[in-house]
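Undergrad: Model the following, please.
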Amino acid sequence: RVVWGRRYPDASRFDGMIFWGGGLNGPQAVPGDYTARLVVDGDSVQVPFEILLDPRSSATPEDLQAQFEFLREVRDKVTEVNESVEQVRDLRTQIRPFLARLPEGAVGVDTVKAAGNALVERMTAVEEVLYETRSQSNQDPLNYGINLGNELSALGGTVASGDFRPTDQAYAYRDEVMAEIEAELATLRVILDAEVAAFNRLVREQELPVIVP
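TA: Numbers count the residues shown, from 1 in each chain. Model prediction:
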């Protein structure tokens, strides 16, 4: 027996993530005809099945398809935000220990440290717009508010709360938040594509030791 909750894959998450008023659930499959396929050792069997519309719902198939597409786009963008936050944190955990190991007084160390710290600050500034980094518990958003990734997720939670087409206001707010997110992601792409490469070149040019006794 296989139990399927009709949900597509959830948005990604990272350790310690705190969201307020929004979740990471994937969108639910819309009513319609589907096929389940079981594959074992190269052999397969297929069984057709149908998802029925809730008889209590007044939504049309077009309404539910519009809701599904809306929620899928939100899910994908929230995933992109969360993966970008993870990427910033991974790079920061590489740069800071490297800078801390550099021998004081060596030629080029001050230049490399200044460049590395500036790079960390630039990435962290993007991270803090995408995600409220001060939140450490589920109640902290009451103190600090929420940032772009959480705002988009919360919108998705509202749109997913019933069987209905997203409102015009939901589309307008989604587009507004996604535009702000995309501006931050564009900045991050420049950092990752150009500034990280420039930092690596600087380290190589200074010929600093990798291992310091």
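Undergrad: And the residue nearest to L148 when sequence neighbours are not counted, how far from V126?
TA: Distance criterion C-beta to C-beta, 6 or more residues apart in numbering; nearest residue to L148, sequence neighbours excluded, is I181 at 5.0 Å. Using the backbone N, CA and C atoms, a C-beta is placed for each residue, glycine as well. Here I181 is placed at a distance of 10 Å from V126 (C-beta to C-beta, to the nearest Å).
Undergrad: Was I right to think the residue nearest to L148 contacts N82?
TA: No: counting by C-beta atoms under 8 Å, N82 is not a contact partner of I181; they are 11.3 Å apart.
Undergrad: okay, and the common contacts of those two?
TA: Contact with both I181 and N82 is made by residues G149, according to C-beta atoms under 8 Å, 6 or more residues apart in numbering.
Undergrad: Show me the helices in the chain, by range?
TA: 61-101, 109-130, 141-144, 148-159, 168-190, 196-206 (DSSP state H).
Undergrad: ok, back up a step: need the pLDDT of the residue nearest to L148.
TA: Listed pLDDT for I181 reads 98.
Undergrad: which residues touch Y171?
TA: Here Y171 is in contact with F70 (C-beta under 8 Å, 6+ apart).
Undergrad: cutoff 10 Å now
TA: Y171 sits next to A66, F70, V159, R165 when contact means C-beta atoms under 10 Å, 6 or more residues apart in numbering.
Undergrad: how about those residues in CSV, adding neighbour count and distance to L142?
TA: Below are these laid out as CSV (neighbours: other C-beta atoms under 10 Å; distance: C-beta to C-beta, whole Å):
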residue, neighbour count, distance to L142
A66, 18, 33
F70, 20, 28
V159, 22, 24
R165, 17, 32
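Undergrad: of those, closest to R13?
TA: Using C-beta to C-beta, V159 is the member of those that lies nearest R13, at 19.7 Å.
Undergrad: okay, now the closest residue to the closest one other than its chain neighbours: neighbour count?
TA: For V159, ignoring the flanking residues on the chain, the nearest one in space by C-beta to C-beta, 6+ apart is P166 at 5.0 Å. Neighbour count of P166, defined by other C-beta atoms under 10 Å: 21.
Undergrad: do the one 10 residues further on as well
TA: By the other C-beta under 10 Å criterion, the neighbourhood of E176 contains 13 residues.
Undergrad: ok, back up a step: buried deepest among the helices of the chain, which one?
TA: helix 148-159 (a mean of 22; mean count of other C-beta atoms under 10 Å).
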